[in-house]
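Undergrad: Structure for the following, please:
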Amino acid sequence: MSETDMAGEEPGLRQTIGPFQLFAYTLGGMLGAGIYGLVGRAAGELGNAVWLGFAVAMVAALLTGLSYASLGSRYPRAGGAAYVTQRAFGMRLLTWVVGLAVMASGLTSVATQSRVVAVNLLSLVPAGVPPLIVALGFLLVIGGVVFRGIRESMALNVLCTAVEFLGLAFVILVGIPYWGSVDLMATPSPDGITASLLLSGAILTFFAFIGFEDTLNVSEECKDAARTVPFGIVTAMVVATLLYMAVAVTAVSVVPWQELSHAPSPLSAVTAVAAPWFPGWGYVAITVFAVANTALLNYVTASRLLFGMARDGLLPRALARVHPRTRTPHVAIAALFVILVALVLAGDIGQLASATVLLLLAVFTVVNGALLVLQRRPGEARGGFEVPSFVPALGSVVCLTLLGNRVATGDWRAPALAGVILLVILGLYAIMRPRGVPQEA
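TA: Residues are numbered from 1 along each chain as shown. Down below sits the predicted model:
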């Protein structure tokens, strides 16, 4: 893509993202703040074998991650999942649902993380300011960074990802002397490690690897996307897996898994034993960076998705405008800011965020299917990174299995709310009647 659009009338998105930046972008999306609490929950399921759960989850997540890597190398366009869905199936309604489902997931995440940042910042520096004001201020700062440019967004992401990485590396380093002190195959089940036990653990830890969907939406801003996107996704997933497994081994070696599973902050409990000299506020500060990074990445992703859908005629064309100086989709960023303020003012939207995760699993299923269709289409251009057809096929099966499990065994409120969100998305389609089709890459 050049820096002008198809008609040559407006500037396009700036291609500045290199392999390391995209690696950090993908890794930052995976690490997030979730791992800091997820280790305890997973230990409750798998006992000392929690590390094995992360390994199995990585294999399951890698199937869809490889599909996204292949699609990113084929079609480096903002719009991501929505674009490839339309290209594969040619169904505007399905494209609309996929695009808005991904956007809903990103927006609920940004709004939720804004409130979390506010609470943690005020615990570090009590300022007598209402958390809501801090949350809105944080949202304004993040929106400003996203508007300022992709370079600035990537720079902040690299900083936050480095802090997240160092926080996990610190836990590993102080806990290494404890390695070998427990049986890493011991589980809460009297039957030991079974397929059923591994499946339940993998289902729980699978969500620690979500982040590759963000990468696809910034592929248009990558230099040599055919190589950069696959490199960023695959290397980030491998590094995240090694980190997660090492952290899991450390955690159960330092703190018995029974205690770990009930700890409000599992990794804080680990450092309290392995490094009692480490200040208690340390992990609060790390959490702020982790949560802020998640919010930043989701804001960038949502803005590029909105921009891509508008450029392809599925949303008002004004949302596809690019600022001549910053080369960012400024109208889309401003529109999202208004929606985010409304979500933050709405209060606790935790259930809403859980519901959008279910929609994201459905999106993964569709995207895997899209790659299968495109691989078999005569004349379809191949990318710089191709995968065998069994990869997206198995990816679809895994995502459908996870979705079915979450609906069947989880809190009924999340699936019910997901259904409501889906109805709202369908209602918006009926009202707006989008008629555009994606332009060829």
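Undergrad: From here on, just use CA atoms for contacts and neighbour counts.
TA: Fine.
Undergrad: What degree of burial does residue 264 show, as a neighbour count?
TA: Around residue 264 sit 12 other residues, with neighbours defined as other C-alpha atoms under 10 Å.
Undergrad: my bad, residue 199
TA: 15.
Undergrad: Quick check: it vs residue 45, distance?
TA: When distance is defined by C-alpha to C-alpha, to the nearest Å, residue 199 is 10 Å away from residue 45.
Undergrad: same thing with residue 15?
TA: Using C-alpha to C-alpha, residue 15 is found at 44 Å from residue 45.
Undergrad: can you pull the buried residues of the helix or strand of the chain with the lowest mean pLDDT?
TA: The helix or strand of the chain with the poorest confidence is helix 195-205; it has a mean of 79 (mean pLDDT, DSSP states H and E). Judged by neighbour count (16 or more other C-alpha atoms under 10 Å), helix 195-205 contains these buried residues: 197-198, 200-205.
Undergrad: mind checking how far that helix is from the chain centre?
TA: Taking the mean of its C-alpha atoms, helix 195-205 sits 20 Å from the chain's own mean (C-alpha atoms, centre = their mean, to the nearest Å).
Undergrad: What's the first helix or strand after that helix?
TA: Later in the chain than helix 195-205, the nearest helix or strand by DSSP states H and E is helix 212-217.
Undergrad: now the farthest one out in the chain, which residue is it?
TA: For the chain, the largest distance from the centre (C-alpha atoms, centre = their mean) belongs to residue 190, which lies 35.3 Å off.
Undergrad: so is it in a helix, a strand, or just coil?
TA: The three-state label given to residue 190 by DSSP: H, G, I helix; E, B strand; the rest coil is coil.
Undergrad: Next one: it from residue 46, what distance?
TA: 12 Å.
Undergrad: Next: residue 192.
TA: From residue 192 to residue 46 the distance is 9 Å (C-alpha to C-alpha).
Undergrad: mind listing what's buried in the longest helix seen in the chain?
TA: In the chain, taking DSSP state H as the definition, the longest helix is helix 92-124. For helix 92-124, burial by neighbour count (16+ other C-alpha under 10 Å) applies to 92-121.
Undergrad: do stretch 241-261 as well
TA: Using 16+ other C-alpha under 10 Å as the test for burial, stretch 241-261 gives 241, 243-255, 257, 260-261.
Undergrad: chain center to the helix or strand hosting residue 142, what's the gap?
TA: Using DSSP H and E, residue 142 sits within helix 131-148. With C-alpha atoms, centre = their mean as the basis, helix 131-148 stands 20 Å off its chain's centre.
Undergrad: Could you number the chain from 129 rather than 1 from now on?
TA: Got it, first residue is 129 now, which makes that one helix 259-276.
Undergrad: in whichever helix or strand comes after that helix, what counts as buried?
TA: Using DSSP H and E, the helix or strand that follows helix 259-276 towards the C-terminus is helix 278-303. By neighbour count with 16+ other C-alpha under 10 Å, helix 278-303 contains the buried residues 278-279, 281-282, 284-286, 288-293, 295-296, 299-300, 302-303.
Undergrad: how big is the angle separating helix 278-303 from helix 259-276?
TA: Between helix 278-303 and helix 259-276, the angle comes out at 120 degrees (axes from the mean of the first three to the mean of the last three C-alpha atoms, to 10 degrees).
Undergrad: Which elements pack onto helix 278-303?
TA: With contacts taken as 3 or more C-alpha pairs under 8 Å, 6 or more residues apart in numbering; DSSP states H and E, helix 278-303 sits against helix 147-159, helix 259-276, helix 353-382, helix 394-402, helix 409-439.
Undergrad: Sort out which residues of the last one are buried, please.
TA: If you call a residue buried by 16+ other C-alpha under 10 Å, then helix 409-439 has these buried ones: 411-439.
Undergrad: quick one, it and helix 259-276 angle?
TA: Counting by the same axes, to 10 degrees, helix 409-439 points 50 degrees away from the direction of helix 259-276.
Undergrad: ditto for the third one
TA: Taking the same axes, to 10 degrees, one finds helix 353-382 and helix 259-276 inclined to each other by 150 degrees.
Undergrad: per-residue confidence averaged over helix 353-382?
TA: Averaged across helix 353-382, pLDDT comes to 94.
Undergrad: now that helix and helix 323-333, what's the angle there?
TA: Angle of helix 353-382 versus helix 323-333, following the same axes, to 10 degrees, is 110 degrees.
Undergrad: need the next SSE after helix 353-382, C-terminal direction.
TA: Past helix 353-382, the next helix or strand by DSSP H and E is helix 385-388.
Undergrad: and of the buried residues of helix 323-333, the nearest to residue 206?
TA: residue 333 (28.5 Å; C-alpha to C-alpha).
Undergrad: Hmm, the closest one is touching residue 185, no?
TA: Yes. If you go by C-alpha atoms under 8 Å, residue 333 and residue 185 touch, sitting 6.0 Å apart.
Undergrad: per-residue pLDDT, residue 244?
TA: pLDDT, residue 244: 86.
Undergrad: Likewise for residue 247?
TA: Residue 247 carries a pLDDT value of 86.
Undergrad: doesn't residue 258 make contact with it?
TA: No. Residue 247 lies out of contact with residue 258 (C-alpha under 8 Å); the separation is 9.4 Å.
Undergrad: Now the common contact residues for these two.
TA: Residues touching both residue 247 and residue 258 (C-alpha atoms under 8 Å, 6 or more residues apart in numbering): none.
Undergrad: Show the model's pLDDT score for residue 141.
TA: In the predicted model, residue 141 carries a pLDDT score of 89.
Undergrad: ok, now residue 448?
TA: So residue 448 comes in at 93 (pLDDT).
Undergrad: quick one: the nearest residue to residue 252 once chain neighbours are set aside and residue 399, what's the gap?
TA: Closest residue to residue 252 apart from its sequence neighbours, by C-alpha to C-alpha, 6 or more residues apart in numbering: residue 409 at 6.9 Å. According to C-alpha to C-alpha, residue 409 stands 12 Å off from residue 399.
Undergrad: measure residue 306 to residue 182 for me?
TA: Plainly put, residue 306 is 20 Å away from residue 182 if you go by C-alpha to C-alpha.
Undergrad: Look at the two and report which has more neighbours.
TA: The neighbour count for residue 306 versus residue 182, taken as other C-alpha under 10 Å, is higher for residue 182 (29 against 17).
Undergrad: Need phi/psi at residue 442.
TA: Backbone torsions of residue 442, given as degrees, to the nearest 10, read phi -90, psi -10.
Undergrad: what's around it, how many residues?
TA: Counted with other C-alpha under 10 Å, the neighbours of residue 442 add up to 25.
Undergrad: sorry, back to before: tell me what the least confident helix or strand of the chain is packed against?
TA: helix 163-174, helix 178-202.
Undergrad: need those in TSV with distance to residue 448 and mean pLDDT, can you?
TA: As requested, those are arranged in TSV below (distance: least, C-alpha to C-alpha, whole Å; pLDDT from 0 to 100):
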stretch	distance to residue 448	mean pLDDT
helix 163-174	35	83
helix 178-202	20	92
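Undergrad: That'll do, ta.
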